[in-house]
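Asks: Pasting a predicted model and its sequence here:
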2 protein chains.
Amino acid sequence: MQYPSNTKSFGDLRQNMDAYGINPYLQKLFTRCIAFHTVSAPGLFIGVFMVDYALELLGAQAGEKLYAIAETYKCIPDPLQIIAGCTFGNHRLQVIPIGKFAITMNRPSGKDVTDGVRVYVDQRKLKKYPIIEAWYTHSRGFKSATMVFPLIDQILKAGRDILSYQRVRIRVPPKQSWKSVPCTTCGEMVPNTFLEGNHCRGCGSMSYYEILPSNDREYSTSTTGKKGE
Amino acid sequence: MQYPSNTKSFGDLRQNMDAYGINPYLQKLFTRCIAFHTVSAPGLFIGVFMVDYALELLGAQAGEKLYAIAETYKCIPDPLQIIAGCTFGNHRLQVIPIGKFAITMNRPSGKDVTDGVRVYVDQRKLKKYPIIEAWYTHSRGFKSATMVFPLIDQILKAGRDILSYQRVRIRVPPKQSWKSVPCTTCGEMVPNTFLEGNHCRGCGSMSYYEILPSNDREYSTSTTGKKGE
């Protein structure tokens, strides 16, 4: 088995993944995740190893309905979405922004708590991988311009060797009932559980835009908006 | 053109989308988004129309790097990720949970503010579509068991006709510099900007799991974790 010391491009990478003995199934996951993520970021590769490992630890079947938590917004939500079908829009992925490269996965549960598995980058294990450690700890010694491909190289070499896991128990969030109520400021309907006093978050603490004067709010009434009509 | 009054399954749906005059490009987007989302939820269809509309209003080119905000976690983050390449993991999607079916999209900017377009479900326009209105306002009159397919049917009929847009100006979040520091409780490294006093959020306000006694934290040191080895 060859261990190339550098990985210059995604084209090379594929060839190198063969050299590392990474199986075709995992290679396919890398390809799908990179296409979705739009770039081949180092954290994404680690994320693929993490999700694959967590699924194995859970004994999950292909297509099984699972729930996931990511402890950072960086990269790892994407492998969870692509590989495990836990997307933001289907409510099976939650990010708790603790700032760690860690995920927790579990099965659905009708109870208040459920058991799952937490897979994380184990910093004690990074000693063997100085480039990964320099990157992970945001060290000044890590120079992105010259070290990103050696970094990916080391990540592919390491595989799961930088990961550890814990069996964990987590709380299942209760379903909240709600009704739709108008905001007294903008008049739009929002869930009553989202009100801040009498107005919606958009007119309150989560206000994030200013309407520009050149608007034609009625433009879209004149068309059904289906291309090709 | 036929307007079927009900849509019993995704198989039927495809045929009906032809009947509605929805073009092959949009049909392909529906298919890709449903595959990612894992189910064909009503909100997902609206989200596809929203993202397609926003891209057109921006005059976006295929594959152009864009940023997006979704004002709810429900469904619409997924079309933004699949169609526009704005994913959680690549930091080009943000959810501001205001509780509205609305998205804002903009181009990259080196300035403090940038202009974009906000597309939203315009509740004044729902009067023409009573099933969508009943569903959107979470009315007791909406019975999921019997009305979900008539709802999707009405959503496909409506297309962009329930949407409006605004040109908006939004703040560009500043890049925050950070360094990696150890949490005094768990010892793991986290960004200093994520500390709560001396400990990390995971040992503080964002604690979400209890470690079960049956752990073998060292299990993963014994393997590189690559299947097929």
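Replies: Now that the structure is in, tell me what you want to look at. Numbering: from 1, shown residues only, chains lettered A, B, ... in the order given.
Asks: What are the boundaries of the helices in chain A?
Replies: Assigned by DSSP state H, chain A shows helices spanning A:10-20, A:24-37, A:42-58, A:77-84, A:130-136, A:144-158.
Asks: helices and strands of chain A: which one has the lowest mean pLDDT?
Replies: Using mean pLDDT, DSSP states H and E, helix A:10-20 stands out as the lowest-scoring helix or strand of chain A, at a mean of 69.
Asks: Neighbours of the closest residue to residue A:77 other than its chain neighbours, how many?
Replies: Distances taken as CB to CB, 6 or more residues apart in numbering or on different chains place residue B:88 nearest to residue A:77, at 4.1 Å, with adjacent residues excluded. The C-beta positions use only the backbone N, C-alpha and C, and glycine is treated the same way. Neighbours of residue B:88 under the rule other CB atoms under 10 Å in any protein chain shown: 26.
Asks: Give me the most central residue, chain A.
Replies: residue A:77 (0.5 Å; CA atoms, centre = their mean).
Asks: residues in contact with that residue?
Replies: Shown in contact with residue A:77 (CB atoms under 8 Å, 6 or more residues apart in numbering or on different chains): A:70, A:88, A:93, A:95, B:87, B:88, B:89.
Asks: hang on, residue A:150 packs against residue A:130?
Replies: No: Residue A:150 is not in contact with residue A:130 according to CB atoms under 8 Å; the separation is 10.1 Å.
Asks: re earlier: so what's the residue nearest to residue A:77 up against?
Replies: Contacts of residue B:88 by CB under 8 Å, 6+ apart are A:73, A:77, A:78, A:81, A:88, A:95, B:77, B:81.
Asks: quick one: which of those is nearest to residue B:104?
Replies: Closest to residue B:104 out of the contacts of residue B:88 is residue B:77 (12.7 Å), distances taken as CB to CB.
Asks: Out of the contacts of residue A:77, which end up buried?
Replies: By neighbour count, with 16 or more other CB atoms under 10 Å in any protein chain shown, the contacts of residue A:77 hold A:70, A:88, A:93, A:95, B:87, B:88, B:89 as buried.
Asks: List the ones among those that fall in strands.
Replies: A:70, A:93, A:95 (DSSP state E).
Asks: With respect to residue B:161, which of those residues is nearest?
Replies: residue A:93 (31.4 Å).
Asks: Apart from its chain neighbours, what residue comes closest to the closest one?
Replies: residue A:86 (4.2 Å).
Asks: Please work out how many residues are found near that neighbour.
Replies: 25.
Asks: For it, give me the pLDDT.
Replies: Note on residue A:86: pLDDT of 97.
Asks: so who does it touch?
Replies: Counting by CB under 8 Å, 6+ apart, residue A:86 has contacts A:66, A:67, A:68, A:80, A:92, A:93, A:105.
Asks: ok, and the most crowded of the residues you listed?
Replies: residue A:80 (30 neighbours).
Asks: Looks like it contacts residue A:93 (just checking).
Replies: Yes: between residue A:80 and residue A:93 a contact is recorded at 5.6 Å, counting by CB under 8 Å.
Asks: Now do the shared contacts for those two.
Replies: In contact with both residue A:80 and residue A:93: A:68, A:70, A:86, using CB under 8 Å, 6+ apart.
Asks: Which single one of these is nearest to residue A:168?
Replies: Among these, and counting by CB to CB, the member closest to residue A:168 is residue A:68, at 12.7 Å.
Asks: how far away is the closest one from chain B?
Replies: 12 Å (CB to the nearest CB, to the nearest Å).
Asks: And residue A:97, by the same measure?
Replies: Distance from residue A:97 to chain B, by CB to the nearest CB: 7 Å.
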